[in-house]
Structure formats: C-alpha cells, structure tokens
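1. When you get a sec, could you give me coordinates for this:
(one chain, ligands or ions: 2)
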Amino acid sequence: MSESKVIIQLSDLHIVAEGSLHGKVDSFAILNEILATLEETGRFDAVLLTGDLADQGEPEAYRRLRSLVDAFSERTGVPVMYLPGNHDERGAFRAELFDDDDAERKSDQVLWIDGLRIIGLDSTAKDGHHGEFDDEQLTWLDEQLAVPAPLGTIVAFHHPPIPGPIDVINLITLREPERLAAVVEGRDVVMILAGHTHHVSGGALGGVPVWVATATAYQVDVRASDAGLFRGVTGSGFTRIDVDGSGAYATHLTPGTDENVLYQLDLELLRSHIGGASTEEKLDDALMSAGEH
Ligand SMILES: [Fe+2]
Ligand SMILES: [Fe+2]
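-> Ligands and ions are numbered 1, 2, ... in the order given. Below is the predicted model:
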C-alpha cells in the first residue's frame, strides 16, 4: 500500500443535455479530453467531482456525464465521488447518478482510499444559489471526524467557505462558515476542497487549508470585476491534491497538449543533477545539458 495518495478534483463541469454552453463551449468534450489525458498519463487514486455537474440539471445531462465517468472509473479501477452544486437538480442528480428515487436526499458521503478518508458534503440549498449545511449534516460530520484517519481527511463540497475577490459572488458562497470551522478545527482534516467560483482561490478555515478549484467548463475573469464586469471566458482547469501523511498540497492543472513545450528533460537526469552544493547551479547544468537553456 502506497502511503501517499493523489486525488483529482474536477469542478463545475456544467454538462448540457445537448449542444454547447453559451454557444461556444463543448463542456462534454472538455471533460472527455481531461479524462483521456488522465487515463493516459496520470497517477491518481480517486476522482472528486465537486458540483455543478450539469448546467441545467436535465436527466440527459447526468446520463451523458455518467456514461463518460463511470466507464472511466471502471477502466482505471479508480473510484469517483459525485457531489452536487447549485446548478444541479437534486431529483435528477440522485436518480441518474445514484439510482435513487428519493429526490429529497442530500448527497453526503464517505470514501476511503486506504488510510485516507474523503468526506463529501452536499452544500446545496433548496431556495437559492448560496451554500448551507443544516444541523444534521454538521452533527454527522462531527461524528465522522471523532475517529481520526491514518492519512487524514479531505472534506469536499461545492460552495467555498472563504470569501473571494468578487463581492457579489460572496453572497452565494457557503453561509455561516464559522459553524463548519468549529467542527473541523483541531481534527484530522488536511484540506477542504470547494469549487463554484470558476477561478482558483486558496485560504484557510478553522486552521484547515482551503482550496477552491476552478471550473473544467469555463473560467470567470477576475480582472474584469475591477472594471465592474462579471465576465466568463473560455478555458479549463482542474486540481491534483497530494496527501502524504504530513498534510496535503494542491496543484492547479490545465488540460493541454505538447504544443507549448519550451523545454523538457528526463526527470532521472534532473534528479541526478539536483542535490549538490548549489541547487541552482545544478539545475542550470541540467537545462544546459538538455540543450534548451
Ligand atoms: Fe459552476
Ligand atoms: Fe456553482
């Protein structure tokens, strides 16, 4: 059993029943490309989908999503966790992804990857786009965390529990985050993962690092908000989270090809060059010997 674990977080997939988003973005094709790249080159132990899986919540959108993701999970043997966001429709989400006809049931769940525990929470509200947890959910989380996990715990849900730079969006993030902070503080939670904003953010809650992943479907241009605009732009990203027993760290990734390569060298060569008296010198040597510097 490998001690360290690699988790892939995909958020805000915004899959549609047919066609494209905003007449331009084929969110289904983007997801297909990301999964294909992961399968080809990635090393990972679980995939978390943190909400807004469908753009309009149609049953067909979930069927399309599941046809890709479940097949990917079966081929790779890697488990997948589906979590909802404000764009998701709870009844269709439960029916199509969990084969559950209880349209009221929240999608709280636990997934164990050897010694790593992943707790997924349903932060969606019935009456709006903001996020919330009821007393029952926080009590359940508290009970789960009563027993620590050997590698620690990741808590994942859709709505960020920290503010972001666009003030109006802060009206639809997680309400009363201090209640969650009181539950996770001092426990074994190594990272809290969220999505929703379509841009990357980092912060902390109750002493726990918080990572807000961007969307796979399209991005929010934060700079435009300084000019008084709320602007969506094309682009895609996702996250890799490494958990190694001493904590967790998150890395933002973008789907892509070899088109933009500036240099590359064998990692073994790099390892053999780094670790001496001057790391910078050794790295410089390695790049020189790759003939690309
Ligand atoms: Fe979204
Ligand atoms: Fe959202």
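2. what are the ranges of the helices in this protein?
-> 27-41, 59-76, 90-98, 135-145, 177-184, 222-225, 267-273, 279-289 (DSSP state H).
3. So for the shortest one, mean pLDDT?
-> In this model, helix 222-225 has an average pLDDT of 96.
4. With stretch 63-72 instead?
-> 98.
5. if we can go back for a sec, among the helices of the chain, which is nearest His158?
-> helix 90-98 (11.6 Å; C-beta to C-beta). The way it works is simple: take the backbone N, C-alpha and C, and place the C-beta from them, glycine included.
6. The closest one packs against which elements?
-> Where contact means 3 or more C-beta pairs under 8 Å, 6 or more residues apart in numbering; DSSP states H and E, helix 90-98 is packed against helix 59-76, strand 80-83.
7. Buried deepest among the ones you listed, which one?
-> When those are scored by mean count of other C-beta atoms under 10 Å, the highest mean neighbour count falls to strand 80-83 (a mean of 22).
8. just to revisit the earlier point, who wins for proximity to Leu253 among the helices of the chain?
-> Here helix 27-41 is closest among these (C-beta to C-beta), at 8.9 Å.
9. Only the buried residues of that closest one, if you could.
-> Of the residues in helix 27-41, those with enough neighbours to count as buried (16 or more other C-beta atoms under 10 Å) are Ser27, Phe28, Ile30, Leu31, Glu33, Ile34, Leu35, Leu38.
10. which residues are in contact with that helix?
-> 8, 10, 13-16, 20-21, 44, 47, 55, 64-65, 68-69, 72, 75-76, 216-218, 236, 238, 255 (C-beta atoms under 8 Å, 6 or more residues apart in numbering).
11. mind redoing it with 6 Å?
-> Applying C-beta atoms under 6 Å, 6 or more residues apart in numbering, the contact partners of helix 27-41 are Leu13, His14, Ile15, Leu21, Arg64, Leu68, Phe72, Thr76, Thr216, Ala217, Ser236, Pro255.
12. Ok, stretch 128-145 next?
-> Here stretch 128-145 has contacts from Asn86, Ile119, Ser123, Ala125, His159, Ile172, Leu174, Arg175, Arg179, Val183, Arg187, using C-beta under 6 Å, 6+ apart.
13. ok, the third one - contacts?
-> Pointing back at Ser123 there. So Ser123 contacts Gly131, Phe157, His158, His159 (C-beta under 6 Å, 6+ apart).
14. correct me, but the third one touches Gly51?
-> Yes - at 3.1 Å, His158 and Gly51 qualify as touching, with contact defined as C-beta atoms under 6 Å.
15. Now for these two: what residues contact both?
-> With C-beta under 6 Å, 6+ apart, His158 and Gly51 have common neighbours Gly85, Gly195.
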